[in-house]
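Colleague: what follows is a protein structure lacking sequence information:
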């Protein structure tokens, strides 16, 4: 191409742009005046060759760097955050496993220590039944039955700790609660919401143990006039069993602490009920948490996967 002050040419084969600029005339005199000493008598030319391929490569690399480098830095920050969260979860899991191992060891020791005196009581009761009058034998039978009940209870605790999942089966939660709640000495208010049957896959005995423990805790925390309510809530994928009481409530910093084995704020009790209950629920891919209730008290929320009909 040409203009009044020069010309240019683009070589596509070599990707080179050549610029030729006339200097020394009116068109170029003002630009070159600082460089010139005296007056030019003849026209002179400025030749400029530009490798366009190298130029665009450099520009592309610069633009690419402006996009990729911030993304790379952001990726590193996110990855470090991910590793930090995973490490916290892993450490928490390890700590929980240590506590459960400790719980299992203590439970096995207690089971062994309890069975020894129970065996002695059973032997002595058998001896007394042979020497006492027949009208007194019936009273000894009560002792034998209670000893047997305690023996079965210790075996049951051991089984629970060895196998938290148990033998899962499909359970209609609403029907299960309607059968369970009337067995308590005090009335438990029950309300259900959600469409369809509330079905879960859970071991029946372990579910009974979890709910009995939560409801009893509600009555104990509320005193003589305690009121406990159970709410069954269903969504398309989850089922929540919520046990509500009007007891002293729970401080936010204690919401996780109460699940530690042998931790208890009550005068009576071993402190293992909530720990075992959470283990049962988590073995069924669920969750158990305690949160403060509005207006005072505590909400114990058991969340489980819903099984479709």
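Modeller: Here it is on my side, so go on. Since the model is a prediction, treat every value here as computed from it, not as a measurement. Numbering: from 1, shown residues only.
Colleague: where does the stretch 151-300 of the chain dip in pLDDT?
Modeller: When residues are selected by pLDDT under 70, those of the stretch 151-300 of the chain lie in 156, 159-161, 261-272.
Colleague: try it again at 50.
Modeller: Scanning the stretch 151-300 of the chain for pLDDT under 50 picks out 267-270.
Colleague: tell me where it has helices.
Modeller: With DSSP state H, counting those that start in this stretch, the ranges of helices along the stretch 151-300 of the chain come out as 173-180, 204-222, 273-283.
Colleague: out of those, nearest to residue 98?
Modeller: Residue 98 sits nearest to helix 273-283 of all the helices of the stretch 151-300 of the chain, at 12.5 Å, using CB to CB. C-beta here means a position set from N, CA and C on the backbone, and glycine is covered the same way.
Colleague: got the angle for that closest one vs helix 204-222?
Modeller: If you take axes from the mean of the first three to the mean of the last three CA atoms, to 10 degrees, helix 273-283 sits at 140 degrees to helix 204-222.
Colleague: still on that earlier bit, nearest to residue 292, out of the helices of the stretch 151-300 of the chain?
Modeller: Closest to residue 292 of these is helix 204-222 (CB to CB; 12.3 Å).
Colleague: what are the buried residues along the closest one?
Modeller: 206-207, 209-211, 213-215, 217-219, 221-222 (16 or more other CB atoms under 10 Å).
Colleague: what average pLDDT does the helix ranked longest in the chain get?
Modeller: Counting residues, the longest helix in the chain under DSSP state H turns out to be helix 52-131. The pLDDT scores in helix 52-131 average 81.
Colleague: same for it, what does it pack against?
Modeller: Packed against helix 52-131 by the contact rule (3 or more CB pairs under 8 Å, 6 or more residues apart in numbering; DSSP states H and E) you find helix 134-162, helix 273-283.
Colleague: what angle sits between the first one and helix 273-283?
Modeller: Which is helix 134-162. Going by the same axes, to 10 degrees, helix 134-162 makes 50 degrees with helix 273-283.
Colleague: now the angle between helix 52-131 and helix 134-162, please.
Modeller: Interaxial angle, helix 134-162 versus helix 52-131 (the same axes, to 10 degrees): 170 degrees.
Colleague: tell me the helices and strands packed up against helix 134-162.
Modeller: Partner elements for helix 134-162 (3+ CB pairs under 8 Å, 6+ apart): helix 52-131, helix 273-283.
Colleague: on that earlier part again, residue 126 is nearest to which of the helices of the stretch 151-300 of the chain?
Modeller: For residue 126, the closest of these is helix 204-222, at 30.4 Å, according to CB to CB.
Colleague: thinking again about what came up before, please identify the deepest-packed of the helices and strands packed on helix 134-162.
Modeller: Highest mean neighbour count of these: helix 273-283, a mean of 20 (counted as mean count of other CB atoms under 10 Å).
Colleague: now for that helix, which elements pack on it?
Modeller: helix 52-131, helix 134-162, helix 204-222, strand 287-292.
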